[in-house]
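1. Kindly return the folded structure for what I paste below:
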Amino acid sequence: MSRVFYHHTPPQKPLFQFARTWTTSLGMWGAGAGVAALSLLSVTPLVKRGFLSKVPVIGGYWEDKTPASDKPF
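-> Okay, here's the model as predicted:
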């Protein structure tokens, strides 16, 4: 006669397995969407002044070096 053994699994284990499976994928999609949004919005002055010019290493690329007398508005 065979025996049946019951192995208790904690109730949070399926949640942890789900999170471990999808965290990397969702993180990569989120980072890709953020980079795409910044590259599409990099032509707007608000994004240039507010975010891109304050990036430590490459922020100088987006600084506005046009003199105030040459700006129409």
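
2. So which residue is smack in the middle of this structure?
-> residue 31 (3.3 Å; CA atoms, centre = their mean).

3. What are the phi and psi values at that residue?
-> Here is the backbone geometry of residue 31 (degrees, to the nearest 10): phi -60, psi -40.

4. pLDDT wise, what is it at?
-> pLDDT recorded at residue 31 is 97.

5. Now the terminal residues of stretch 60-70, how far apart.
-> This stretch, stretch 60-70, spans 20 Å end to end (CA to CA, to the nearest Å).

6. got the buried residues for that stretch?
-> By 16 or more other CB atoms under 10 Å, stretch 60-70 has no buried positions at all. All C-beta atoms are positioned from the backbone trio N, CA, C, and that covers glycine.

7. what comes into contact with it?
-> 42, 45, 48, 49, 52, 53, 55 (CB atoms under 8 Å, 6 or more residues apart in numbering).

8. Just the buried residues out of the residues you listed, in ChimeraX syntax.
-> Buried subset of those, written as a ChimeraX selection, criterion 16+ other CB under 10 Å:
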select :48,52
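
9. hmm, back to that, state the distance from the residue nearest to the centre of the chain to residue 68.
-> 37 Å (CB to CB, to the nearest Å).

10. Please apply the same query to residue 50.
-> Distance from residue 50 to residue 68, by CB to CB: 19 Å.

11. From the contacts of stretch 60-70, which land in helices?
-> 45, 48, 49 (DSSP state H).

12. Would you tell me which one of the residues you listed comes nearest to residue 5?
-> Proximity of the ones in helices among the contacts of stretch 60-70 to residue 5 was ranked by CB to CB; the top entry is residue 48 with 64.3 Å.

13. Show the contacting residues for the closest one.
-> Going by CB under 8 Å, 6+ apart, the list of residues near residue 48 reads 42, 62, 64.

14. Sketch out the helices for this protein, chain order is fine.
-> 13-41, 45-50.
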